[in-house]
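**Student:** sequence and predicted structure are below.
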Amino acid sequence: SNLQSIVIPKSVTIFGEGNNGYGYQFASCSSLSSVTFEDGSQLTNISSFAFSYCSNLQSIVIPKSVTIFGEGSNGYGYQFASCSSLSSVTFEDGSQLTNISSYAFNNCNNLQSIVIPKSVTIFGEDSYGDGYQFASCSSLSSVTFEDGSQLTNISSYAFNNCNNLQSIVIPKSVTIFGEDSYGYGYQFASCSSLSSVTFEDDSQLTNIPAQAFCYCEALQSITIPKSVTTFGENSNGQGLQFDNCSSLSSVTFESGSRLTNIPSFAFNCCHNLQSITIPKSVTIMGEGGNGQGAQFAYCSSLKSVTFESGSQLTNIPSFAFYYCDNLQSITVPKSVNEFGEDSNGEGCQFESCLSLNSVIFENGSQLTKIASRAFYYCEALQSVTIPKSVTTFGENSSGCGYQFSSCSSLSSVTFESGSQLTNIPSYAFFRCNNLQSITIPKSVTIMGEGSNGQGAQFANCSSLSSVTFESGSQLTNVSSYAFYYCSSL
């Protein structure tokens, strides 16, 4: 603990490792402030934990001869972990280093910048799939990958919680963002100053895992490479890729995007996001373990959602656009066959989208179900035409529908000719104060009742003056409170 400096002879070729693969050569030398490798050093490796917890070490120049950062039996590196005074790390010109092992510079709180040699091909992972190379380097403001970088991956937690990191350019050679054993990525999570993320032209990246950029509160825009096919999900079925990126105003998917999914909570609480165009290649919007999607929930500035022409999307999950209170219109692709429900049977796809005044289902819609509370409290919605393909209005665990409940501007509801709808559940059009007339399809056999026995399908529709049951109606009941307080009827 009293050792203050060391000069390592050029003749040293290897830092040895014990039976468990650990080195610990100078670990916890708390007074060590200077480490020098002699000119012409022939050292080929720096073993795991070699300089860990050298809390007074201020700078290090790593010889170009070093080809590997060693890993212990659990895949741990920790070469300079918790060197809290380390402000400068330099790799000699012509570095031959091929890897940066897990936790190599973790918690180096004073490290301000790093240039990663082009020779590095891999960020290592421990036996749990964790990287943590530069995690919690709270002063790190600049990360540069040398021109011609050959890096193929960025491991999980690699730059997690680097609060001062301002920008990053990810090499085109990177094909994968790693995940830990629970499916978490967290590559740049909680990098609260990160305002710019750029993927080099011709990026080969194939995935963005769960929580990769969550809580990057300064991030303003992102262009996702066309090579990305998957947004990953953690063990709870959640994505959260850009969750709570509160400054994110622009998300662009590169032309020709191959993305197939948008998982749950992917852009949740991106309060500044103004518009989104969802690629036609996306076939599914995922649901978490509780069945919730919430991809764009609470995106309070989101005005425009466009599904690319030729969309192959098959579902809109529960809470997908919940509380997007600036969203003005939506055209649902004809390929969508389901509005999903959470574990309580709630849909809430567009609930409380207070500015939503236009909902259009594309011609030839394949939609079979409108889930409970799908358009609940869409106060600006004026009219809707429900596709003939819809067979069911869903019910939550209390037996209630609430599909268009409290749509106070809704004046026109049309069921497409040839409607196959079989039910209208309780509270489906409750408190639609401006609804003037309704024609109920002949295919409807039941007006549902909630667990309290109430129907109230059109209760408190104070402007409703005309109700028509289509000729040949198969309806078997009129539920309690179905037209309660329809004072104009």
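**Tutor:** Nice, I can see it. Numbers count the residues shown, from 1 in each chain.

**Student:** tell me, how many neighbours does the closest residue to L57 other than its chain neighbours end up with?
**Tutor:** Leaving aside its sequence neighbours, L57 sits nearest to C83 (CB to CB, 6 or more residues apart in numbering; 4.9 Å). Every residue, glycine included, has its C-beta placed from N, CA and C. Residues contacting C83 under the criterion other CB atoms under 10 Å number 26.

**Student:** could you do the one 10 residues further on as well?
**Tutor:** Close neighbours of D93, defined as other CB under 10 Å, add up to 7.

**Student:** quick one: pLDDT of it?
**Tutor:** If you check D93, the pLDDT there is 98.

**Student:** verify the stated contact: it with I62.
**Tutor:** No. Using CB atoms under 8 Å, D93 makes no contact with I62, being 11.4 Å away.

**Student:** which SSE is the residue nearest to L57 in?
**Tutor:** Taking DSSP states H and E as the definition, C83 sits outside all helices and strands.

**Student:** for it, give me its contacts.
**Tutor:** Shown in contact with C83 (CB atoms under 8 Å, 6 or more residues apart in numbering): F51, S52, Y53, C54, S55, L57, F105, C108.

**Student:** recalculate using a threshold of 6 Å.
**Tutor:** C54, L57, C108 (CB atoms under 6 Å, 6 or more residues apart in numbering).

**Student:** make CSV out of those and add secondary structure, pLDDT and neighbour count.
**Tutor:** Shown next, in CSV, are the contacts of C83 (DSSP: H, G, I helix; E, B strand; the rest coil; pLDDT from 0 to 100; neighbours: other CB atoms under 10 Å):
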residue, secondary structure, pLDDT, neighbour count
C54, coil, 98, 26
L57, coil, 98, 24
C108, coil, 98, 26
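
**Student:** which helices and strands does the helix or strand containing I276 pack with?
**Tutor:** Using DSSP H and E, I276 maps to strand 275-278. Judged by 3 or more CB pairs under 6 Å, 6 or more residues apart in numbering; DSSP states H and E, strand 275-278 is in contact with strand 304-307.

**Student:** quick check: next helix or strand after the strand it packs on?
**Tutor:** Downstream of strand 304-307 (by DSSP H and E), the next one is strand 315-316.

**Student:** any chance you could list what contacts that following strand?
**Tutor:** M285, V336, E338, F339, G340, Q349.

**Student:** apply 8 Å and report the result again.
**Tutor:** By CB under 8 Å, 6+ apart, strand 315-316 touches I284, M285, G293, V332, V336, N337, E338, F339, G340, Q349.

**Student:** which one of those sits closest to F307?
**Tutor:** Distances from F307 to the contacts of strand 315-316, taken as CB to CB, are shortest for V332 (7.8 Å).

**Student:** quick one, what contacts that closest one?
**Tutor:** F307, I316, V359, I360, F361, E362, S365, L367.

**Student:** could you pull up the mean pLDDT of the helix or strand just after the strand holding I276?
**Tutor:** On the C-terminal side of strand 275-278, the closest following helix or strand by DSSP H and E is strand 284-285. For strand 284-285, mean pLDDT rounds to 98.

**Student:** now do the contacts for Y215.
**Tutor:** Counting by CB under 8 Å, 6+ apart, Y215 makes contact with A189, S190, S192, D243, N244, C245.

**Student:** mind putting these in CSV, distance to F134 included?
**Tutor:** Below are those laid out as CSV (distance: CB to CB, whole Å):
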residue, distance to F134
A189, 13
S190, 13
S192, 15
D243, 22
N244, 22
C245, 20
